[in-house]
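K.L.:
this one's structure only:
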Ligand code: GLA
């Protein structure tokens, strides 16, 4: 049975009537452009084929009811009673989206939701964005709000910022809403422009592997907020709107005006935006070695200057490169989650075995290594 039929059936069992429809939104990996979305930079994610499915119906009593296949418990609240901080875990992401819509003045009816989250949780693959975007899309259709994909991505981001309390940028939600199959999405956060860039490693006899380290270090969330604050303070010190405004040619002069610690963070951000531009040029020219080089340089910068990597991610990247990867890096926020490696098809087994052996040698939990292809963005599927 397809995932959409399965979730529709579960909906009917739970609520005793058929769902009005089923909506799905994917997780993502980011090829390059890390920790630059909240600096008005450029990012290059693609959507995974793994998605979160939301079967939903409107209710006319202003109450939201939701269940998630992967977790116990339920959400049942009047939409007017929702307030930030009042809910934890998955119900906060669901309620947060409806709260943001209502705060923005939209008329949000009650809803029944049955959610099936098929994006691995805690793997740095944006399962939370997938959840938010599936609910946002369902609400948009059920209440006939007429919002477009970029607007819904912003609604989802605000839910995470203001209701859940995680100060994330816009990349994950935009990737989930706007990506298309067979492409990576070049998204310019400042200009709000999106370009679909063909991403077909198979055409070059290569595969993109996702290495889920299976760890999520506690430090992650506070470090994320801390990095973001450092960037904003540095922009103020330098008299620019955001670090996007520092041109590579002016970098050294800018760094001289900052503390040692802040300078390293700024060097990452400015360098990473330049790497995204070069990576896209390489991709368009079919220069896979060039893309790989930028990916690996991105990892070094995140490890040494931005300091958001961890032992597991570093071991994964080093082992993949040792076994013949064209390029490899951590993806997402860091402090655990997943790494990605661009690998010649002939080296996939070697890379997989070498990464697994390296993890075993360090006494780390066995990682999950699997290929990923660019899937489609959020859509109504039933
Ligand atoms: C997390 C955030 C994104 C982005 C990345 C780092 O995934 O949700 O907004 O900042 O980290 O690039």
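P.N.:
Perfect, thanks for sending it. Quick caveat, the model's predicted, so the values are computed rather than measured.

K.L.:
host element of residue 152?
P.N.:
Using DSSP states H and E, the element containing residue 152 is helix 149-158.

K.L.:
now residue 185
P.N.:
Using DSSP H and E, residue 185 falls in strand 183-188.

K.L.:
note down every partner strand of that strand and its orientation.
P.N.:
strand 42-43 (antiparallel), strand 193-198 (antiparallel) (DSSP bridges).

K.L.:
wait, does the helix or strand just after the longest one make contact with the ligand?
P.N.:
Downstream of strand 193-198, the first helix or strand assigned by DSSP H and E is strand 206-216. No - looking at strand 206-216 against the ligand by Cβ under 6 Å from any ligand atom, there are no contacts, and the closest approach is 12.2 Å. Every C-beta, even on glycine, is put in place using the N, C-alpha and C of the backbone.

K.L.:
quick one: mean pLDDT over strand 206-216.
P.N.:
Predicted confidence along strand 206-216 averages 98 (mean pLDDT).

K.L.:
name the helices or strands packed onto it?
P.N.:
helix 311-322, strand 336-344, helix 348-362, strand 368-371 (3 or more Cβ pairs under 8 Å, 6 or more residues apart in numbering; DSSP states H and E).

K.L.:
those: which one's closest to residue 134?
P.N.:
strand 336-344 (20.6 Å; Cβ to Cβ).

K.L.:
check which residues of the closest one are buried.
P.N.:
By 16 or more other Cβ atoms under 10 Å, the buried positions in strand 336-344 come out as 336, 337, 338, 339, 340, 341, 342, 343, 344.

K.L.:
who are the contact partners of residue 163?
P.N.:
By Cβ atoms under 8 Å, 6 or more residues apart in numbering, the contact list for residue 163 reads 82, 84, 92, 95, 96, 99, 100.

K.L.:
redo that, cut-off 6 Å
P.N.:
84, 96, 99 (Cβ atoms under 6 Å, 6 or more residues apart in numbering).

K.L.:
ok, now residue 208?
P.N.:
The contact partners of residue 208, taken as Cβ under 6 Å, 6+ apart, are 201, 342, 372.

K.L.:
now with 7 Å?
P.N.:
201, 340, 342, 371, 372 (Cβ atoms under 7 Å, 6 or more residues apart in numbering).

K.L.:
around the ligand, pick out the residues from the stretch 101-250 of the chain.
P.N.:
168, 169, 171, 172.

K.L.:
was I right to think the first one contacts residue 160?
P.N.:
Yes - assessed by Cβ atoms under 7 Å, residue 168 is found in contact with residue 160 at 5.3 Å.

K.L.:
now the two most distant members of the buried residues of strand 336-344.
P.N.:
Greatest spatial distance in these: 336 and 344, 27.2 Å, computed using Cβ to Cβ.

K.L.:
got the angle between the longest helix along the chain and strand 193-198?
P.N.:
For the chain, the longest helix by residue count, based on DSSP state H, is helix 260-284. On the basis of axes from the mean of the first three to the mean of the last three Cα atoms, to 10 degrees, helix 260-284 is oriented at 50 degrees to strand 193-198.

K.L.:
looking at helix 260-284 now, give me its mean pLDDT.
P.N.:
98.

K.L.:
packing partners for that helix?
P.N.:
Applying 3 or more Cβ pairs under 7 Å, 6 or more residues apart in numbering; DSSP states H and E, we find helix 260-284 packed against strand 42-43, strand 193-198, helix 220-238, helix 251-255, helix 288-304.

K.L.:
ok, residues contacting the shortest one?
P.N.:
It stands for strand 42-43. Strand 42-43 is contacted by residues 30, 33, 36, 37, 171, 186, 187, 188, 273, 276, 277 when judged by Cβ under 7 Å, 6+ apart.

K.L.:
now, which of the residues you listed sits nearest residue 119?
P.N.:
Closest approach to residue 119 among the contacts of strand 42-43 (Cβ to Cβ): residue 30, at 14.2 Å.

K.L.:
the closest one and residue 123: what is the separation?
P.N.:
13 Å (Cβ to Cβ, to the nearest Å).
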